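S.K.: What follows is a predicted protein model with its sequence.
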Amino acid sequence: MSEMAAYIVDAGTNAAPPDVIRTGADLLRGALLDSRQRWRDLVSMATDFAFETDAAGRLMFVAPATVLGWSTSALLGQPALMLLAGPQDSFNPFTPSPAYRDRRAWVRRAEGGTACFSFAAAPLMEHGVAVGMRGVARDVTTEHARESNVAGALRRGEVVEHILWQMRQEVLAPRMMDAVLDGLTAALGASGAAVVDLLATTEGEVLLHHTGADAPELIAAAIAVLQVETLDPLMTSTMGHPVIACPSYTRFGQRAGLCVWRIAGGTPWTEEEGQLVSAVTTIVRVVLEHDAIQRELARQARTDPLTGLLNRRSFLEEVNRRIDRLDREEMPGTLMFVDLDNFKRVNDECGHDVGDQALVHTAQLLRRTVRPADLVARLGGDEFALWLDGSDELTAAERAERLRLDGPAAMAAVLPPDAPPVSTSIGIASRHPRAGENLDEVMRRADAAMYDVKRAGRGHWRVARDPLHP
């Protein structure tokens, strides 16, 4: 046979007429068409999206029959750019370019959603010139979300670890909180942050800590948002400022909130940034609890556990500080020593529980006798002390007389009927700036005056002689 010949199978009848003979060129053309169809069938089965574009960027081939809700008929002949969902300057998989693989781009779904596809493509060449692109893509939306979540968690972990490192460099809770807020605002590109007390009863008590720009109106907006009972971060906008807030509940019953804000017109908060604020809120809660413990320890170190008054050490420290200020202002100050008469008999005859009640009642009586700014302390046993800022011996004598008159009757109300009568012996010593006395000298004069009262029959008061006018 001098020429190549073949039987052509009729696609409609599957018949092979023996009288039809084609040349070698026809065979080659048929083989190419068959190869192309097999390629299309293969990519349709193996990928989520296969395409070919022409030199104008139009879709000339699409497989499978439906892609992201788009039918083949709706896509063929259309600009491939219609599928892209990302910004204009993002990667365009349909632009003629050298071959590439594993490049990601966001594409639009027919119903309006988006999906992330990983593309691999090569240029279609004609006479050495790229006249289009041929490629495949697979849907990696779930994989991308998982990778983004992992990457976001790693970034949040890095930020939180950095904030914790900064916090650990401090000892006192207020400085710890400053480190937390400074680290958070730097990480988020925020202009300010604050921790607020959501249970505060007065305006001045609301703001616990803050850093950056002082913005009361933004803090007020965050507090309003935080009234919602939730543990999730809440995002809002006030006067153009993006604000994010997250509540925090401590083990000691404190209800606080962390709020962060950006400058007016700043970038809105993202979900990942909200998750970071939520993570840092946990640190804020720990610092608040640490602060509460530190304040309680400080209070216990400064106060008498039975009466809640200042103890001897804290009273003397505070009086010395006040003396320095009074000297600068050339103001007097007066010390009063108060001792309970017959207290030992009460303890011996009625028991220590009754004696403790007498001490607590005395503490309450002394607080009511002086101003809130004055100092009241239990020095030990049945000995008490008062310091009256800016007052002279005349004012102190008025307070002492009130105690002499009201004390025994008020004490009798809390003691058993058969308890020994309890009165007060009071010694008073005023300190004037010109005298140049130190606290020890004032205490000696007040103590001496009190013991003069005891020797004279108790239940009264006496003013120590002024060293300037002996």
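M.R.: Okay, I see it. Numbering: from 1, shown residues only.
S.K.: gap between the two ends of stretch 382-399?
M.R.: 19 Å (CA to CA, to the nearest Å).
S.K.: and what of stretch 381-395?
M.R.: 26 Å.
S.K.: Also stretch 359-377?
M.R.: Termini of stretch 359-377 sit 12 Å apart (CA to CA).
S.K.: what does stretch 182-200 give?
M.R.: 24 Å.
S.K.: what about H209, distance to A400?
M.R.: Shown here: H209 relative to A400, a distance of 44 Å by CB to CB, to the nearest Å. In short, each C-beta sits where N, CA and C put it, glycine included.
S.K.: neighbour-wise, which of these two wins?
M.R.: A400 (26 against 21; other CB atoms under 10 Å).
S.K.: for whichever strand or helix holds that one, packing partners?
M.R.: Using DSSP states H and E, A400 falls within helix 393-412. Here helix 393-412 touches strand 333-341, helix 352-369, strand 383-389, strand 423-431, strand 461-463, going by 3 or more CB pairs under 8 Å, 6 or more residues apart in numbering; DSSP states H and E.
S.K.: Looking at these, spot the one closest to G69.
M.R.: helix 352-369 (77.0 Å; CB to CB).
S.K.: and the angle from the closest one to strand 383-389?
M.R.: Angle of helix 352-369 versus strand 383-389, following axes from the mean of the first three to the mean of the last three CA atoms, to 10 degrees, is 10 degrees.
S.K.: Over helix 352-369, what's the mean pLDDT, rounded is fine.
M.R.: Helix 352-369 shows a mean pLDDT of 91.
S.K.: next one: stretch 408-415
M.R.: 83.
S.K.: Just confirm F91 contacts D102, I think it does.
M.R.: No - between F91 and D102 there is no contact under CB atoms under 8 Å: 11.4 Å.
S.K.: higher neighbour count, these two?
M.R.: Shown here are F91 and D102; by other CB under 10 Å, F91 has more neighbours (14 against 9).
S.K.: give the contact list for the more buried one.
M.R.: Listed by CB atoms under 8 Å, 6 or more residues apart in numbering, the contact set of F91 reads R103, R104, A105.
S.K.: again, 7 Å this time
M.R.: R103, A105 (CB atoms under 7 Å, 6 or more residues apart in numbering).
S.K.: Which parts of the stretch 51-200 of the chain are strands?
M.R.: 59-63, 66-67, 70-71, 100-108, 114-126, 129-139, 192-197 (DSSP state E, counting those that start in this stretch).
S.K.: Give the buried residues for stretch 104-115.
M.R.: The neighbour-count check on stretch 104-115 (16 or more other CB atoms under 10 Å) flags R104, A105, W106, V107, R108, A115 as buried.
S.K.: how close does the closest residue to E289 other than its chain neighbours get to L288?
M.R.: In space, E289 comes closest to T250 once its chain neighbours are excluded; the distance is 5.0 Å by CB to CB, 6 or more residues apart in numbering. Computed as CB to CB, the T250 to L288 distance reads 5 Å.
S.K.: more crowded one of those two?
M.R.: Neighbours were counted for T250 and for L288 using other CB under 10 Å; L288 has more, 25 against 17.
S.K.: Help me confirm that the more buried one is found in a helix?
M.R.: Yes - judged by DSSP: H, G, I helix; E, B strand; the rest coil, L288 forms part of a helix.
S.K.: Okay, now the unreliable bits of the stretch 101-250 of the chain?
M.R.: Residue ranges of the stretch 101-250 of the chain with pLDDT under 70: 148-154, 201, 203-204, 214.
S.K.: can you map out the strands along the stretch 201-350 of the chain?
M.R.: Going by DSSP E, counting those that start in this stretch, the stretch 201-350 of the chain shows strands at 207-212, 234-238, 241-249, 255-261, 333-341.
S.K.: Save those as a markdown table, and put in distance to I283 too.
M.R.: Below are the strands of the stretch 201-350 of the chain laid out as a markdown table (distance: least, CB to CB, whole Å):
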| stretch | distance to I283 |
| --- | --- |
| strand 207-212 | 12 |
| strand 234-238 | 18 |
| strand 241-249 | 10 |
| strand 255-261 | 9 |
| strand 333-341 | 44 |
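S.K.: out of those strands, which comes closest to H144?
M.R.: strand 234-238 (23.5 Å).
S.K.: Report the contact partners of the nearest residue to T281 once chain neighbours are set aside.
M.R.: In space, and not counting its chain neighbours, T281 is closest to C246: 4.4 Å by CB to CB, 6+ apart. By CB under 7 Å, 6+ apart, C246 lies in contact with P233, G257, L258, V277, S278, T281.
S.K.: Show me this structure divided up by domain.
M.R.: The chain breaks down by automatic domain parsing into domains covering 47-139, 145-300, 312-463.
S.K.: What is the end-to-end distance of the second one?
M.R.: Distances were taken as CA to CA; on that basis the terminal residues of domain 145-300 are 52 Å apart.
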